[in-house]
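>>> Quick one, fold the following:
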Amino acid sequence: MERAPEPHDLLQIKFFVRFGASRRLTNRARYDVMALGYEVDDVVDCICDLTEADFHKSEDSRDFPGRRLDVYLPDYLGKKIYVKLDLYDDYVLVVSFHREGNPG
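Numbers count the residues shown, from 1 in each chain. Reported below is the predicted structural model:
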């Protein structure tokens with residue numbers, strides 16, 4: 001049986017997200033954030049509050065061949081949020097940020 005891939009380093013993710021030049025959001029993620037009535041600061045706060053218990057799975061990316069994306073399901077401001085992200089050498093890409101079960 002194949003072992004599930006390990007998630008990216010959560011401390012490194014939080015470090016990059018905290019500093020604006022080291023985080024990027026896809027256009028879809030930006031749209032999702034606005035649809036929630038949130039701002040980028042909410043994305044930062046939510047991701048910086050992630051714990052290992054919020055980790056859901058790692059999966060191969062369909063849109064970014066060769067990349068592995070981590071999915072987290074934290075509670076943030078009373079809502080269960082679906083956060084999908086990728087860790088690069090010098091930044092974090094937030095691919096999705098929406099209510100769980102409601103992709104935008």
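>>> And the helices in the chain, which stretches?
Counting by DSSP state H, the segments of the chain that form helices are 10-18, 27-35, 40-48.
>>> now the last one and helix 27-35, what's the angle there?
By that I understand helix 40-48. When axes from the mean of the first three to the mean of the last three CA atoms, to 10 degrees is applied, the directions of helix 40-48 and helix 27-35 differ by 110 degrees.
>>> what packs against helix 40-48?
For helix 40-48, the contact count by 3 or more CB pairs under 8 Å, 6 or more residues apart in numbering; DSSP states H and E identifies helix 10-18, strand 23-25, helix 27-35, strand 75-76, strand 79-87, strand 92-99 as packing neighbours. For every residue, glycine as well, the C-beta is placed using N, CA and C.
>>> would CSV of the helices of the chain with mean neighbour count, mean pLDDT and distance to Tyr82 be doable?
Converted to CSV, the helices of the chain look like this (neighbours: other CB atoms under 10 Å; pLDDT from 0 to 100; distance: least, CB to CB, whole Å):
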stretch, mean neighbour count, mean pLDDT, distance to Tyr82
helix 10-18, 16, 94, 16
helix 27-35, 16, 95, 9
helix 40-48, 17, 96, 11
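>>> The ones you listed: which one's closest to Glu100?
Of all those, the one in closest proximity to Glu100, counting by CB to CB, is helix 27-35 (11.8 Å).
>>> CA atoms only for that closest one - export them in CSV, please.
Listed next in CSV are the C-alpha coordinates belonging to helix 27-35 (Å, rounded to 0.1, in the frame of the first residue of the first chain):
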residue,chain,number,x,y,z
ASN,A,27,-7.3,34.8,-9.1
ARG,A,28,-9.8,32.1,-8.0
ALA,A,29,-8.7,32.3,-4.4
ARG,A,30,-9.0,36.1,-4.5
TYR,A,31,-12.5,35.8,-5.8
ASP,A,32,-13.4,33.2,-3.1
VAL,A,33,-12.0,35.5,-0.4
MET,A,34,-14.1,38.4,-1.6
ALA,A,35,-17.2,36.2,-1.9
